[in-house]
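Here's a sequence, model it:
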Amino acid sequence: MLQFDEYKVKLNNLKPELDELEQALGLEAAQREAEMLESESASDGFWDNLEKAQKVQQRVKHLRDKLEGQQKRRTQWDDLMTLCELGNEMEDESLVPEVEEGFAKLEAEIEEAKLSTLLTGEYDASNAILTFHAGAGGTEAQDWAQMLYRMYTRWAERHGYSYKVLDYLDGDEAGIKSATIMVEGENAYGHLKGEHGVHRLVRVSPFDANARRQTSFAALEVMPEIPDDVEVDIRPEDIEMQVFRSSGAGGQHINKTSSAVRLIHKPTGIVVSCQTERSQFQNRDTCMKMLRSRLVELKMQQHAEKISDLKGVQLKIEWGSQIRSYVFMPYQLVKDNRTGYETSNINAVMDGDLDGFINAYLKAEATGVWAEK
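Numbers count the residues shown, from 1 in each chain. Okay, here's the model as predicted:
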């Protein structure tokens with residue numbers, strides 16, 4: 001039957017992509033590394049260093065998931081080809097929808113796996129530290145910052161990432177003035193690095209009695225969590241430490257003692273704070289991690305600015321030069337200014353459906369093809 005023959009041709013055209021993907025994912029090296037780490041985890045004394053052992057186990061799981069994912073795609077291809085041949089042989093049209101659905105799913109999974117091969121940056125595999133800042137505009141901007149906070153935590157949940165709150169400062173009437181979270185999982189930073197910048201909201205304000213349309217801004221900083229073995233030069237005399245009482249919800253201990261910590265890095269003016277742990281020492285350790293990440297990210301940004309002329313894209317991020325606009329009124333549209341990607345399904349976006357924007361950014365970064373300004 002014609003439909004099955006068409007899908008057999010499509011599947012044969014898809015086969016080379018599947019083979020190329022195997023090379024791009026480096027599956028042979030992944031197999032060797034997984035076997036080596038599994039052998040190491042079976043040795044005596046492996047669990048003596050719990051932190052190291054857990055990292056090894058996480059790495060093994062990631063490698064096995066990668067290997068099994070490609071095996072699953074190959075099995076799907078074989079099953080679809082068998083289904084086409086069976087449909088032809090039996091002249092059974094009822095199998096057509098199953099073939100159509102299976103092919104669309106396989107195509108999408110191959111595309112998603114291809115995008116993961118673009119995450120080759122030095123820190124792309126790291127956890128991501130996200131910091132939200134409300135812009136000027138009082139309650140309206142603080143509410144927008146909280147909407148963004150919810151959007152990214154929903155995205156994390158959709159992708160099986162966990163996140164923990166490092167700092168959270170409530171707004172005066174609603175929303176948040178600022179917040180910092182750590183998104184934990186393989187390639188978290190690689191996926192989220194393109195979200196760094198100013199986000200613009202246009203809507204009828206729920207805080208305006210006259211129901212006028214308002215424009216609000218909030219900034220998102222995205223940094224990789226820097227491993228402890230990466231050297232970052234931070235001199236003790238360059239740091240000013242301030243302690244204060246936690247302002248958020250918490251138990252008696254948290255709110256009655258000055259356990260919250262703020263660190264100011266004098267040479268750069270970078271300020272980081274953490275108030276979610278019970279102990280001042282734990283909060284300070286978290287602050288030091290954040291500071292190291294900020295300094296490395298600053299270095300990366302300066303390097304990016306030096307090569308921006310070669311890449312043909314302005315990478316400098318400034319307040320007021322938004323990367324994306326979210327328009328609720330008079331029409332509904334979310335549009336990325338850098339890639340040109342847009343969608344009118346604004347409710348899905350605010351519920352964490354950001355994959356279209358993330359994928360468009362990764363493709364543009366890989367190809368150097370950006371939207372015309």
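
At which residues are the strands of the chain located?
128-134, 162-170, 176-184, 197-204, 213-224, 239-244, 260-265, 270-274, 324-327, 333-336, 342-343 (DSSP state E).

Compute the inter-axis angle for the third one and strand 162-170.
For strand 176-184 and strand 162-170, the angle between their directions (axes from the mean of the first three to the mean of the last three C-alpha atoms, to 10 degrees) works out to 170 degrees.

State the mean pLDDT of strand 176-184.
Mean pLDDT, computed over strand 176-184, is 94.

ok, now the last one?
pLDDT averaged over strand 342-343 equals 96, rounded to a whole number.

Just the residues contacting that strand, thanks.
By C-beta atoms under 8 Å, 6 or more residues apart in numbering, the residues outside strand 342-343 that reach it are 333-336, 349, 356. In short, each C-beta sits where N, CA and C put it, glycine included.

of those residues, buried ones?
334-336, 349, 356 (16 or more other C-beta atoms under 10 Å).

and which of those residues is nearest to residue 270?
residue 336 (27.4 Å; C-beta to C-beta).

and the gap between the closest residue in space to the closest one that isn't next to it in sequence and residue 198?
Nearest non-adjacent residue to residue 336, counting by C-beta to C-beta, 6 or more residues apart in numbering: residue 324, 4.9 Å away. To residue 198, residue 324 is 8 Å away according to C-beta to C-beta, to the nearest Å.

So what pairs up with residue 199 in the strands?
residue 218, residue 324 (DSSP bridges).

check contacts around it.
Contacts of residue 199 (C-beta under 8 Å, 6+ apart): 144, 148, 217-220, 322-324, 326.

worst-scoring helix or strand of the protein, pLDDT-wise?
Here the helix or strand of the chain ranked lowest by mean pLDDT, DSSP states H and E is helix 252-256, holding a mean of 46.

how far away is residue 89 from residue 69?
From residue 89 to residue 69 the distance is 31 Å (C-beta to C-beta).

So for these two, which residue has more residues nearby?
It is residue 69, of residue 89 and residue 69, that has more neighbours when counted by other C-beta atoms under 10 Å, with 17 against 10.

ok, residue 34 to residue 65 distance?
Counting by C-beta to C-beta, the gap from residue 34 to residue 65 is 10 Å.

Between those two, which has more neighbouring residues?
It is residue 34, of residue 34 and residue 65, that has more neighbours when counted by other C-beta under 10 Å, with 18 against 11.

Give me the neighbour count for the residue lying closest to the more buried one once chain neighbours are set aside.
Closest residue to residue 34 apart from its sequence neighbours, by C-beta to C-beta, 6+ apart: residue 63 at 4.1 Å. By other C-beta under 10 Å, 21 other residues sit near residue 63.

how far away is residue 63 from residue 75?
Per C-beta to C-beta, residue 63 is found 19 Å from residue 75.

Buried residues, stretch 67-77. List them.
Buried residues in stretch 67-77, defined by neighbour count with 16+ other C-beta under 10 Å: 69-70, 73-74, 76-77.

pLDDT of that stretch, averaged?
Stretch 67-77 carries an average pLDDT of 94.

contacts for it?
Contact with stretch 67-77 is made by 11, 14-15, 18, 21-22, 25, 27, 30-31, 34, 102, 105-106, 109-110, 113, as judged by C-beta under 8 Å, 6+ apart.

Narrow those residues to those in helices?
Judged by DSSP state H, the contacts of stretch 67-77 include 11, 14-15, 18, 21-22, 27, 30-31, 34, 102, 105-106, 109-110, 113 as members of helices.

could I get the buried ones among the contacts of strand 342-343 as a markdown table with pLDDT and distance to residue 185?
As requested, these are exported to a markdown table (pLDDT from 0 to 100; distance: C-beta to C-beta, whole Å):
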| residue | pLDDT | distance to residue 185 |
| --- | --- | --- |
| 334 | 97 | 24 |
| 335 | 96 | 28 |
| 336 | 96 | 23 |
| 349 | 97 | 21 |
| 356 | 92 | 20 |
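
of all those, which comes closest to residue 238?
Lowest distance from residue 238 to the buried ones among the contacts of strand 342-343 (C-beta to C-beta) belongs to residue 336, with 37.0 Å.

Enumerate every residue touching residue 156.
Residue 156 neighbours (C-beta under 8 Å, 6+ apart): 162-163, 183, 185, 188, 352.

wait, residue 329
202-204, 213.

Under the pLDDT cut-off, which ranges of the stretch 251-373 of the chain? List them.
Under the criterion pLDDT under 70, the flagged ranges of the stretch 251-373 of the chain are 251-257, 303-320, 373.

Could you pull out the helices in it for me?
Applying DSSP state H, counting those that start in this stretch to the stretch 251-373 of the chain gives helices spanning 252-256, 280-311, 346-350, 355-367.

Including distance to residue 40, could those go into a markdown table?
Shown next, in a markdown table, are the helices of the stretch 251-373 of the chain (distance: least, C-beta to C-beta, whole Å):
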| stretch | distance to residue 40 |
| --- | --- |
| helix 252-256 | 40 |
| helix 280-311 | 27 |
| helix 346-350 | 43 |
| helix 355-367 | 32 |
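
Residue 269: which of the ones you listed is closest?
For residue 269, the closest of the helices of the stretch 251-373 of the chain is helix 280-311, at 10.6 Å, according to C-beta to C-beta.
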